[in-house]
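>>> return atomic coordinates for the entry below.
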Amino acid sequence: MDLKVKIQQQNQKFQKYYFSEINRYRLITTIVFICVITLLAWQSDDAYHAYIMAKNLVLGNGFVYNIGERASATSCPLFTLVIACGYFLIRKMFLVSLLICIIFSTSAYHILIKTFCKSKKQIILSFATLIGSFCFISYTTSGLENSLLFFLAALFLKYYFESDIYTAKKLFILALLISLIAMTRMDAVLMFVPMILYVYLLKRDKVSFIKAVGLGLAGLFPFIGWELFSTFYYGFPVPNTAFVKLGTQIPLKEYLYRGVQYVVTSGLTDILLLAVPAMVVIIVLCMRKAKYIYTVLGMILYGAYLMYIGGDFMVGRHFTVMFFMSVCTYVVIENQGFASCKKPQRISAVYTTIVGLGLVYAMGTGVITSQFMFGNTFSSPISDERGNYFKYTSLFNNTLSYLQTGELCIRDAWNEEGIDDLRAHENTGGLLRMVPGISIYYNSDLYLNDLYALGDPFLSKLPAVREDNWRIGHMWRESPGGYGETVMYNTNMLTDENLAEYYDIIRLITRGDLFDQERIKAIIKINSGGYDYLIEQYKETLDENCKQIKEE
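Have a look, this model is predicted:
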């Protein structure tokens, strides 16, 4: 065949595929999706705690929060490493981090409309559903790990839904994706546990159980390797933020109340965020097909977990991955004709109506937040973080600021008087009442921590101070006697003997020689609870002091 004819045939195939009507819809909605999330792109202050570690890694200071102290203030190590790779190539953290978020979110959207959507109607409806979710659009950027979770969730569902039985290769791929999800955010794995158990225990394609176990362990190797590294390098298998959020001694009933508050506030702020998953759960239960039941079981499990831990202080954030998975699942079960369900056309009509009403609600009403629902007029425990930060951390406003002044306006997000005082007195660091992540990032030459202890490996282990309006993950610690001086002068000046001993242990683990045998012994002992008695004795001392004050 003549070469010219071959080229013409290839061009015809290319044009037929890429310029077909359905692919034009895919292309147009993708372009609009990118434009929307770029126009609304912003940075969360919490993201900068991870950025600090990414920057330190690239600059050769170690994968640490404060230079010279091995502590992890990121709950998303894989995403932080990706950010570090981007920063290594482009030394503009504000821009490169947003670019990475946009790429991951767009890739997730592409998988949805390319792999799952089989018609123009599905593409338009999926696009409208995602665009209509205030919270989903907020966390397509933000600098947090949600964008990577969207992408990994889309990949997982792609491999999960495309087969009824799974070969050794697909078993390995699914296990690997679970590993990457765990490295992105450990608790997000709960959404995928039922599906992976269903696949490994019930749907293997001529793969023995022993071989499946081996494939699973091989796929989980990145996460297992990270846990071993974290334990050796930082001294703990979980990030420092886990101790901050969990070691509070706040009663379970208060966490459950916060969980209910989080669900109600998120649902009122963003109707589609919870309405879509709820409808998908109902449809799947009507279908009674195991494959999809295990899909929604993970969503239910994760929802219950969020209630148990009290939700979050960022409205809707932790529901966004579940929401995206629900949109993907709905398209798949619609392609199956809503098997076993009566009147499938009515189901489709109801879903479309819900999406339409959600869009009207999102565009025609103000955001109803916990300030109105729970009587808080300021510093709500659940807030619209994009609304709070957009003025100073949005791509739009920072672009305008840079064009007008040559500087980014993100530096104006917080008052840095405390840091300015440290510099005025030529101090190399200090413990302040509160230091935002943005401020620490731009002053990373100083040793900075605050009473919220996100990056403080010692203070995070102490009991939290309970406030009436406490926020999840933001419960501050009382600075014990002499600790401020300890941080400032880099010498143990703690007045409590138990805490002084505990601090020396933490210092050995986080600042001692990595291969020191005493350090290794201390890591094993502290993770097995061998030093808990020091904290317990300190608590007893606090209780006694409180009783004496009350008696006086």
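>>> switch to C-alpha atoms for all contacts and neighbour counts from now on
Will do.
>>> which parts of the chain are strands?
Ranges of strands within the chain are 429-432, 447-450, based on DSSP state E.
>>> list the buried ones in the first one?
For strand 429-432, the buried set under the neighbour-count rule, 16 or more other CA atoms under 10 Å, comprises 429-432.
>>> who's in contact with the nearest residue to P436 once chain neighbours are set aside?
Nearest non-adjacent residue to P436, counting by CA to CA, 6 or more residues apart in numbering: D45, 6.7 Å away. Shown in contact with D45 (CA atoms under 8 Å, 6 or more residues apart in numbering): 389, 436-438.
>>> what about the residues you listed, which one has the most neighbours?
I438 (24 neighbours; other CA atoms under 10 Å).
>>> in stretch 451-463, which residues are buried?
The neighbour-count check on stretch 451-463 (16+ other CA under 10 Å) flags 451-463 as buried.
>>> send the alpha carbons of it over as PDB?
This file holds the C-alpha atoms of stretch 451-463, laid out as PDB (Å, rounded to 0.1, in the frame of the first residue of the first chain):
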ATOM      1  CA  LEU A 451       1.100  25.600  70.900                       C
ATOM      2  CA  TYR A 452      -1.000  23.700  68.300                       C
ATOM      3  CA  ALA A 453       2.200  21.500  68.000                       C
ATOM      4  CA  LEU A 454       1.700  20.300  64.400                       C
ATOM      5  CA  GLY A 455       5.400  20.200  64.000                       C
ATOM      6  CA  ASP A 456       6.500  19.800  67.600                       C
ATOM      7  CA  PRO A 457       7.400  16.200  68.400                       C
ATOM      8  CA  PHE A 458       7.500  16.900  72.200                       C
ATOM      9  CA  LEU A 459       4.500  19.200  72.800                       C
ATOM     10  CA  SER A 460       2.200  17.000  70.600                       C
ATOM     11  CA  LYS A 461       2.400  14.200  73.100                       C
ATOM     12  CA  LEU A 462       1.100  16.300  75.900                       C
ATOM     13  CA  PRO A 463      -2.700  16.500  76.800                       C
END
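>>> what does that stretch rub up against?
65-66, 71-73, 240-241, 243-244, 247-249, 431-434, 449-450, 474-479, 503, 506, 510, 535, 539.
>>> so which of those residues belong to helices?
240-241, 243-244, 503, 506, 510, 535, 539 (DSSP state H).
>>> so of the residues you listed, which two are at opposite extremes in space?
T510 and K539 (23.4 Å; CA to CA).
>>> pull the contacting residues for S107.
So, once contact is read as CA under 8 Å, 6+ apart, S107 ends up touching F151.
>>> for A47, see how far away the residue nearest to the spatial centre of the chain is.
Centroid check for the chain by CA atoms, centre = their mean gives E145 as the closest residue, at 4.2 Å. Applying CA to CA, to the nearest Å, the value for E145 to A47 is 8 Å.
>>> equivalent analysis for Y87, please.
14 Å.
>>> looking at the two, which is more packed in?
Y87 (22 against 19).
>>> point out where the stretch 1-150 of the chain drops to low pLDDT.
1-19 (pLDDT under 70).
>>> C341: which of the buried residues of strand 429-432 is nearest?
Nearest member of these to C341, counting by CA to CA, is L432, at 59.3 Å.
>>> wait, what's in contact with the closest residue in space to that closest one that isn't next to it in sequence?
In this structure, L432 finds its nearest non-sequential neighbour in D450, 4.7 Å apart by CA to CA, 6+ apart. The neighbours of D450, taking CA under 8 Å, 6+ apart as the test, are 431-435, 456.
>>> check L306 too.
L306 neighbours (CA under 8 Å, 6+ apart): 259, 312, 318.
>>> 10 Å - rerun?
187, 255-256, 258-260, 262-263, 300, 312, 318-319 (CA atoms under 10 Å, 6 or more residues apart in numbering).
>>> nearest to V193 among those?
The closest of the contacts of L306, once distances to V193 are taken by CA to CA, is D187, at 10.5 Å.
>>> still on that earlier bit, between T510 and K539, which one's more packed in?
T510 (23 against 14).
>>> surely the more buried one touches S230?
No. Using CA atoms under 10 Å, T510 is not in contact with S230; the gap is 11.4 Å.
>>> between the ones in helices among the contacts of stretch 451-463, which is nearest Y292?
Distances from Y292 to the ones in helices among the contacts of stretch 451-463, taken by CA to CA, are shortest for T241, at 33.9 Å.
>>> burial check on the nearest residue to I90 once chain neighbours are set aside, number of neighbours?
Spatial nearest neighbour of I90, chain neighbours left out: V96 (6.5 Å); criterion: CA to CA, 6+ apart. Residues near V96, counting by other CA under 10 Å, number 20.
>>> from Y51, how far off is V96?
Distance from V96 to Y51, by CA to CA: 11 Å.
>>> list residues touching both of these two?
With CA under 10 Å, 6+ apart, V96 and Y51 have common neighbours 83-84, 87, 143.
>>> so which of these comes closest to S105?
G143 (11.5 Å).
>>> give me every residue that touches that closest one.
41-48, 50-51, 79-80, 83, 94, 96-102.
>>> can I get stretch 96-114 in PDB, CA atoms only?
The C-alpha trace of stretch 96-114 is given here as PDB (Å, rounded to 0.1, in the frame of the first residue of the first chain):
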ATOM      1  CA  VAL A  96       4.000  24.700  41.000                       C
ATOM      2  CA  SER A  97       1.800  23.300  43.800                       C
ATOM      3  CA  LEU A  98      -1.300  24.700  42.100                       C
ATOM      4  CA  LEU A  99      -0.200  23.300  38.800                       C
ATOM      5  CA  ILE A 100       0.200  19.900  40.300                       C
ATOM      6  CA  CYS A 101      -3.300  20.000  41.900                       C
ATOM      7  CA  ILE A 102      -4.800  21.100  38.600                       C
ATOM      8  CA  ILE A 103      -3.100  18.300  36.700                       C
ATOM      9  CA  PHE A 104      -4.200  15.600  39.200                       C
ATOM     10  CA  SER A 105      -7.800  16.900  39.300                       C
ATOM     11  CA  THR A 106      -8.000  17.200  35.500                       C
ATOM     12  CA  SER A 107      -6.600  13.700  35.100                       C
ATOM     13  CA  ALA A 108      -9.200  12.300  37.400                       C
ATOM     14  CA  TYR A 109     -11.900  14.100  35.500                       C
ATOM     15  CA  HIS A 110     -10.500  12.800  32.200                       C
ATOM     16  CA  ILE A 111     -10.700   9.200  33.500                       C
ATOM     17  CA  LEU A 112     -14.300   9.700  34.500                       C
ATOM     18  CA  ILE A 113     -15.500  11.000  31.100                       C
ATOM     19  CA  LYS A 114     -13.200   8.800  29.000                       C
END
